[in-house]
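*Asks:* I would like to see how this sequence folds:
(chains A, B, C and D)
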Number of protein chains: 2
Amino acid sequence: MKQDLRPQMLKLIEESLPGVSIECVILGYGEGQLKTLLFQTKHEVTWSLPGGYIRKYEDIDEAAHRILEERTGLKSIFLKQFHTFGKKDRSHTNNREQHERIWKALEKFDLNQDPLIKDWMDQRLITMGYYALVDIRKSHPRPHFFFEKCEWISVESLPELFLQQQHTISKVLDHLRVQLNYLPIGRSLLPEKFTMQNLQKLYEIILRRPLVRSNFQRKMLSLGILVRMEKHMTGAPNKAPYQYCFDREQYEIALKKGIGFNI
Amino acid sequence: MKQDLRPQMLKLIEESLPGVSIECVILGYGEGQLKTLLFQTKHEVTWSLPGGYIRKYEDIDEAAHRILEERTGLKSIFLKQFHTFGKKDRSHTNNREQHERIWKALEKFDLNQDPLIKDWMDQRLITMGYYALVDIRKSHPRPHFFFEKCEWISVESLPELFLQQQHTISKVLDHLRVQLNYLPIGRSLLPEKFTMQNLQKLYEIILRRPLVRSNFQRKMLSLGILVRMEKHMTGAPNKAPYQYCFDREQYEIALKKGIGFNI
DNA sequence: ACAAAAGTGTTACAACTACACCCATGG
DNA sequence: CCATGGGTGTAGTTGTAACACTTTTGT
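*Replies:* Numbering: from 1, shown residues only, chains lettered A, B, ... in the order given. Below you'll find the model as predicted:
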């Protein structure tokens, strides 16, 4: 049963700017791991970062927000441009490792027949990379177009990715580490309520090193950005941990100055 | 005497990618001031940052280096991408304040006659912003194409600029402040040999605050990135200052860790 | 010699690291 | 009572702000 993607594809080409695209590294935190949302094409050709094109009458930031919402259902979250990729050989089809598989997939959908579509797939691309920090539990990722599967995958165990996107991801992670004190890490990646342990674990994962519990706690509380909530009864035979949420106003103020965390 | 720029312009259009452009904030340091290289169009239509287009078979970084070399004669200097601008109304001719003046200038060169050129000037642009740190004394800026004048202008006293490029410049300066410890500020902006005063003044200008001389000196020397040279006789009735140059290897190592300067 | 500038020393304070220790509490 | 969460104390270290002091040198 062959699905005809051509009308959809032609519409997309019609309404988008040629030669430029957007790619998003969407980061979430769950099960003690930093994860990124990846999409797999039909016929398992390859995994890829979510991305898309810019409409002819749309700012690039608008386009990034739209693409993110299409893929995760999330609006108005933390989303930032971080790098533009523009090697001369960058295109959908010029990819040494995956060249054949990509062409086979295009054949399966007859996408290599229509010259307009073929040219579109062959065109040189300049890609604006964005990254987002989201609450993994509030996101509703959904397959899209010729991506039939999507999954939150730990950044520690990435599959082979399209167009060296591993490098893109590790570039974002480096950025995260360096800019840690100026980014809404906790606010964006954690759920509304969380324990001090949750927060510490998150920082440890990003910084890739253990932190001393007592000092971490003292530091965090001294910043005045946390509000203590009722305790969370776990049923475990020990003292229940407090839960916290962020004081949004104080958080904003602290971010501007930089949350002084030594790296 | 009307100069016909059309052949040049048509060649440029022919060999460049449509829809994308590059803009460079070139920073130098001289006379105790941070300066940026600006170009003025013929007939004094407007001042503008140096920029250009990307050739069809050229990486965007290559394009940025080429443009920089065309304008300053400088090769292999510190040049970094920092932001991509992509508002939907960004184009050469869609500019509220300067709209009329721009059209008049195009008329003067008959550039509004040829439909190919007109379309090119009207097209929506996505612009990759780069910034460079250069030794002002080694640069040989030269007018180019329909820019007939160029000048190093203090970032403290910028003229009216094309396409809100003031914002671009101040964005670069903020970046410089924040990233100070990870950027080759001294190495790139100062001449080969310099005095401790030169270096301190540069830091004060960028950080916009005075530094205590003795502490600055101690800090800088303790980093092990400076090599002391012979003294420099000024003819003034006082002790002549030493001159320094950077130890390139040590400088690279220190940059990676971050030259620990408190902001 | 002396004014101006280069360079060194010294002290006090602030912040952080690492670790030990104590208290609280749900089961 | 005990395992775990929460909180305090402190000694050693580092960095640096502030300022006093010494050295150099052209006139």
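*Asks:* mind listing the helices for chain A?
*Replies:* For chain A, applying DSSP state H gives helices covering A:6-15, A:60-72, A:99-108, A:115-122, A:165-179, A:185-189, A:196-207, A:213-222, A:248-257.
*Asks:* by contact count, what packs against the longest one?
*Replies:* Taking 3 or more Cβ pairs under 8 Å, 6 or more residues apart in numbering or on different chains; DSSP states H and E as the contact definition, the neighbouring helices and strands of helix A:165-179 are strand A:16-30, strand A:78-85, strand A:126-133, helix A:196-207. C-beta here means a position set from N, CA and C on the backbone, and glycine is covered the same way.
*Asks:* which among the ones you listed is found nearest to chain B?
*Replies:* Across these, chain B has its closest neighbour in strand A:78-85 (4.6 Å, Cβ to the nearest Cβ).
*Asks:* quick one: low-confidence ranges for chain A?
*Replies:* Applying pLDDT under 70 to chain A flags the ranges A:1-3, A:44, A:96-98, A:145, A:147, A:163, A:233-235, A:260-263.
*Asks:* and the residue of the stretch 151-263 of chain A found nearest DNA strand D, what does it touch?
*Replies:* Closest to DNA strand D within the stretch 151-263 of chain A is residue A:241: 2.8 Å, counting by Cβ to the nearest atom of the strand. By Cβ atoms under 8 Å, 6 or more residues apart in numbering or on different chains, residue A:241 lies in contact with A:195-197, A:231-232, A:234.
*Asks:* for the helices and strands packed on helix A:165-179, which one sits closest to residue A:60?
*Replies:* strand A:126-133 (5.8 Å; Cβ to Cβ).
*Asks:* return the distance of that closest one from the chain's centre.
*Replies:* Strand A:126-133 sits 8 Å away from the centroid of its parent chain (Cα atoms, centre = their mean, to the nearest Å).
*Asks:* that one vs strand A:78-85, what angle?
*Replies:* 150 degrees (axes from the mean of the first three to the mean of the last three Cα atoms, to 10 degrees).
*Asks:* each with direction, which strands does strand A:126-133 pair with?
*Replies:* Here strand A:126-133 has these sheet partners by DSSP bridges: strand A:16-30 (parallel), strand A:78-85 (antiparallel).
*Asks:* export the first one as PDB, just CAs?
*Replies:* Looking back up the chat, that one is strand A:16-30. Extracted C-alpha coordinates of strand A:16-30, given in PDB (Å, rounded to 0.1, in the frame of the first residue of the first chain):
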ATOM      1  CA  SER A  16       8.500  27.500   2.300                       C
ATOM      2  CA  LEU A  17      11.700  29.500   1.700                       C
ATOM      3  CA  PRO A  18      14.100  27.400  -0.400                       C
ATOM      4  CA  GLY A  19      17.700  26.800   0.700                       C
ATOM      5  CA  VAL A  20      17.100  27.200   4.400                       C
ATOM      6  CA  SER A  21      15.900  24.900   7.200                       C
ATOM      7  CA  ILE A  22      15.600  24.600  10.900                       C
ATOM      8  CA  GLU A  23      16.700  21.900  13.300                       C
ATOM      9  CA  CYS A  24      15.700  21.600  16.900                       C
ATOM     10  CA  VAL A  25      17.500  19.800  19.800                       C
ATOM     11  CA  ILE A  26      14.700  19.300  22.200                       C
ATOM     12  CA  LEU A  27      16.000  18.400  25.700                       C
ATOM     13  CA  GLY A  28      14.000  16.900  28.500                       C
ATOM     14  CA  TYR A  29      14.800  15.200  31.800                       C
ATOM     15  CA  GLY A  30      13.400  12.000  33.000                       C
END
